[in-house]
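# predicted model follows, preceded by the sequence.
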Amino acid sequence: MEKGVGIEDFWLQARTAVPMLPSEVPEAWAFGATSEHADELLALVIAGKKTGTASSMLDVEAEGDSVPEPGDLSIILDGSGHPRAVIETTAVECVPFSAVSAEHAFSEGEGDRTLAHWRSSHEAFWREYGQGAGVFSEDMLIVCERFELMFAA
């Protein structure tokens, strides 16, 4: 697919490939806080390694987003803002940072996929990029989302 395709055209292509997708175009967003993060994490999704993601509840609330629910669809953008994939949320759990499971850490597909790596990298991420950068605690609420790749271009 041509990288410059807009959201509407991308959604039409996705619906052609996956006819069960609804006509309403879902929200489009990118993983991470930088274009590099977006590209790296999108590559993991397309490779089938990344089937989970996590957000701090502080970020969700500050951005005016709602907590995802099973069945939600999302268009995933690359680091240049081009639509590249469609995912469907399959499960959501809100837990304190200290209670995120090794299974969830593995689902995120990053680094060596261990809970230790997940905790280290996500603490650093939220300290640098989270709402009120530098705000972090072991009991901050984390939205752990699992998803399935529905379409990639």
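Good, I have the coordinates. A quick note: this is a predicted structure, and the numbers were derived from the prediction, not measured.

# what lines up beside whichever strand or helix holds Glu145 in the sheet?
With elements taken from DSSP states H and E, the one containing Glu145 is strand 141-152. Take DSSP bridges as the rule and strand 141-152 pairs in its sheet with strand 52-56 (antiparallel), strand 83-96 (antiparallel).

# what sits up against that strand?
Strand 141-152 is contacted by residues 13-14, 17-18, 21, 45-46, 48, 51-58, 60, 67-68, 73-74, 84-97, 100-101, 104, 107 when judged by CB atoms under 8 Å, 6 or more residues apart in numbering. Where C-beta positions appear, they are placed from N, C-alpha and C, glycine not excepted.

# for ChimeraX, what selects the buried ones among the residues you listed?
When burial is assessed using 16 or more other CB atoms under 10 Å, the buried subset of these is captured in ChimeraX by this command:
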select :13,14,21,45,46,51,52,53,54,55,56,58,60,68,73,74,84,85,86,87,88,89,97,100,104,107
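
# tell me what the longest helix along the chain is packed against?
Looking across the chain with DSSP state H, the single longest helix is helix 115-129. Secondary-structure packing of helix 115-129 (3 or more CB pairs under 8 Å, 6 or more residues apart in numbering; DSSP states H and E): helix 102-107.

# quick one: distance of the helix it packs on to the chain centre.
Relative to the chain's own centre, helix 102-107 is displaced by 14 Å; criterion: CA atoms, centre = their mean, to the nearest Å.

# can you name the residues that contact Ser107?
With contacts defined as CB under 8 Å, 6+ apart, Ser107 is in contact with Lys50, Thr51, Gly52, Arg146.

# going by distance to Thr34, which of these wins?
Proximity of the contacts of Ser107 to Thr34, judged by CB to CB, is greatest for Lys50, which lies at 16.5 Å.
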